[in-house]
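> Fold the following.
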Amino acid sequence: MTAPFRLEPLGPHHDRKGFACGVEALDQYFAERVTQDMRRRLTACYVAIEAATSRVAGYYTLAAAGIPLGDLPQSIVKRLPRYPSIPVARLGRLAVDQDYRGRRLGSAMLWDAITRAARSEVAVFALVVDAKDAQAEAFYRHQGFSSLGLVPRQLFLPLKDVAK
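Now for the predicted structure:
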């Protein structure tokens, strides 16, 4: 990362109320609902903390998922067993507080998510994301993600090469 941040699991000591990425749905989810999803074991949430202030500068969520084998490109399908679905990790949300934009924090958090998924003790083939808008889609494509199936803005990144 380009600034002194640390990435860690979200805990009760983190101040979520001051976070503002500028997308109301992401801000509201982080302030009001993420801990409920964590307690229900529906997602895991990781936060980027500015070391100097202990302020939450960004967050992302990861969860287990499965995708139909047929949604993958044929060039990948031909190298996989014919299971009906393939296990993946889903990047549910990724947001950077407006005060921390332009520091490549989003890229650093994405790399952290990719690394966590790749080294997971639970096997996952790829990291999948549903890009919220065209700008988010461009960000993920720049990071090496490809289209997945017919769902607009649903993208994936195979993890086998990342683990190496």
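> SS state for Ala89?
At Ala89 the chain is in strand, as set by DSSP: H, G, I helix; E, B strand; the rest coil.
> was I right about it contacting Leu62?
Yes - the pair Ala89 and Leu62 qualifies as a contact (Cβ atoms under 8 Å) at a distance of 5.6 Å. Yep, even glycine has a C-beta here, placed from its N, CA and C like the rest.
> Tell me how many other residues crowd Arg39.
Arg39 has 8 neighbouring residues, counting by other Cβ atoms under 10 Å.
> May I have the phi/psi pair for it?
Dihedral angles of Arg39 (phi, psi; degrees, to the nearest 10) stand at phi -60, psi -30.
> and Pro81, what does it touch?
Residues in contact with Pro81 (Cβ atoms under 8 Å, 6 or more residues apart in numbering): none are found.
> Could you verify that it is part of a strand?
No - using three-state DSSP, the assignment for Pro81 is coil, not a strand.
> Check the gap between it and Thr53 for me.
49 Å (Cβ to Cβ, to the nearest Å).
> Overlap in contacts, Ala89 and Leu62.
Contacts common to Ala89 and Leu62, judged by Cβ under 8 Å, 6+ apart, are Ala113, Arg116, Ala117.
> how about low-confidence regions in this structure?
The chain contains residues with pLDDT under 70 at 1-3, 161, 163-164.
> And the helices in the chain?
24-28, 34-39, 74-77, 105-118, 134-142, 160-163 (DSSP state H).
> Turn these into JSON lines, including distance to Arg6.
Below are the helices of the chain laid out as JSON lines (distance: least, Cβ to Cβ, whole Å):
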{"stretch": "helix 24-28", "distance to Arg6": "21"}
{"stretch": "helix 34-39", "distance to Arg6": "19"}
{"stretch": "helix 74-77", "distance to Arg6": "35"}
{"stretch": "helix 105-118", "distance to Arg6": "10"}
{"stretch": "helix 134-142", "distance to Arg6": "22"}
{"stretch": "helix 160-163", "distance to Arg6": "21"}
